[in-house]
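>>> How does the following fold in three dimensions:
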Amino acid sequence: MRIIDAHQHYWRVQRADYGWLKPELGALYRDFEPADFDAACDGRGIVGTVLVQAAATEAETQFLLQLALAHPSVAGVVGWVDFEAADVARRLAALIGQGAGLLRGLRPMVQDMPDDRWLTRPAIDPAFDSLIACNLTFDALVRPIHLPALIRRLERHPDLRIVLDHCGKPDIARAGFQDWAAQISQLAESTCACCKLSGLLTEAHPDASAADLGRYVEHVIACFGTDRILWGSDWPVLTLRASYDRWLDMALGLVRRYAPGREQAIFSDNAIRFYGLEPRERSWPS
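As a prediction, the model looks like this:
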């Protein structure tokens, strides 16, 4: 099976605009670039990826676009722009031009913001209007506490194409399920949001197994259906818990259990459709 990895990162430590990337993160505190990714997923049938921002700066988005232009394995970039800037439309247009069609969406780092209701601020309406006008997507990097505000935002912008990163980051390590599950159900039922099957191991205890993730994956599939779920590795953040192979095999097993026969949709077709990806130099799934 050919696979689209809908969520991975590259960074260079010396760029120094990753506010979260500290030496105490150990193995993550180094450069991660295309050669590292190719080594991590060698032989697994990855035909394209979506490269997602890791710093809250437009300079980092420009860096990612440059990497994407140089490496055909990157099918699209999800970048960052200042949603509160008065000239957000101009800033977005500039990034689109620099990306030559590779900028496919934006992601503010909502999980790190002190205001849990930031997504409801009227001041950021123009940014979302610009996203829709430019046919770009929105990656929602949120925790369960932010889901009510996300639903409010989508009520205001029902035409926004949105994907929920990392299943909304349930607190798997402490068996946090009921409140998260209720809000996921509401999000899926009341909006057209999609969901990324990614980042779950990072939210679990270090020796988590597929069984520990099972009810979370089962609930997401039941709520969103198999046409609104995209698989992603969250590499290299993933390496805090597991290898690329381990997470891919675990995710494949869970999808085969809870959505048998729908592997092609979840592991490639849905990402291609959601982000509007086009093949560059590799053979893609038909």
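>>> And the helices in the chain, which stretches?
Secondary structure of the chain (DSSP state H): helices at 34-40, 58-70, 88-99, 125-133, 147-156, 178-190, 200-203, 210-224, 244-258, 263-264, 270-275.
>>> closest one to residue 3 among the ones you listed?
Residue 3 lies closest to helix 244-258 among these, at 7.7 Å (C-beta to C-beta). Where C-beta positions appear, they are placed from N, C-alpha and C, glycine not excepted.
>>> now that closest one against helix 210-224, angle please.
60 degrees (axes from the mean of the first three to the mean of the last three C-alpha atoms, to 10 degrees).
>>> which parts of helix 244-258 are buried?
For helix 244-258, burial by neighbour count (16 or more other C-beta atoms under 10 Å) applies to 244, 247-248, 250-252, 254-255, 258.
>>> Tell me, how many residues neighbour residue 190?
12 (other C-beta atoms under 10 Å).
>>> Against residue 151, how distant is it?
Between residue 190 and residue 151 the distance is 6 Å, computed by C-beta to C-beta, to the nearest Å.
>>> Which positions within stretch 94-114 qualify as buried?
Of the residues in stretch 94-114, 95-96, 98-99, 102-108, 110-111 count as buried by neighbour count, 16+ other C-beta under 10 Å.
>>> one step back: which among the helices of the chain is found nearest to residue 6?
Comparing the helices of the chain by C-beta to C-beta, helix 270-275 comes nearest, at 4.0 Å.
>>> What helices and strands are in contact with the closest one?
The contact analysis (3 or more C-beta pairs under 8 Å, 6 or more residues apart in numbering; DSSP states H and E) places helix 270-275 against strand 3-8, strand 229-231.
>>> What residues are bridge-paired with the closest residue to residue 161 other than its chain neighbours?
Closest residue to residue 161 apart from its sequence neighbours, by C-beta to C-beta, 6 or more residues apart in numbering: residue 137 at 4.5 Å. Beta bridges link residue 137 to residue 105, residue 161, judged by DSSP bridges.
>>> tell me the contacts of residue 137?
78, 104-106, 131, 161-163, 274-275 (C-beta atoms under 8 Å, 6 or more residues apart in numbering).
>>> got a winner among the residues you listed for most neighbours?
In terms of neighbours by other C-beta under 10 Å, the contacts of residue 137 top out with residue 163 at 27 neighbours.
>>> Quick check: that residue touching residue 192?
No - the pair residue 163 / residue 192 is not scored as a contact, 10.4 Å apart, by C-beta atoms under 8 Å.
>>> From residue 156, how far off is the residue nearest to residue 161?
17 Å.
>>> just residue 220 next, same as before
Distance, residue 220 to residue 156, using C-beta to C-beta: 24 Å.
>>> Which one's more surrounded, the two?
Set residue 220 next to residue 156 and count neighbours by other C-beta under 10 Å: residue 220 wins out with 26 against 13.
>>> Hmm, that one is touching residue 167, no?
Yes - Residue 220 lies in contact with residue 167 (C-beta under 8 Å); the separation is 5.4 Å.
>>> Between the two, which contacts overlap?
Counting by C-beta under 8 Å, 6+ apart, the common neighbours of residue 220 and residue 167 are 184, 195, 197.
>>> Ignoring the adjacent residues along the chain, who's closest to the last one?
Think residue 197. The shortest distance from residue 197 to any non-neighbouring residue, by C-beta to C-beta, 6+ apart, is to residue 231 (4.9 Å).
>>> Just the mean pLDDT for stretch 117-124, thanks.
Across stretch 117-124, the average pLDDT comes to 97.
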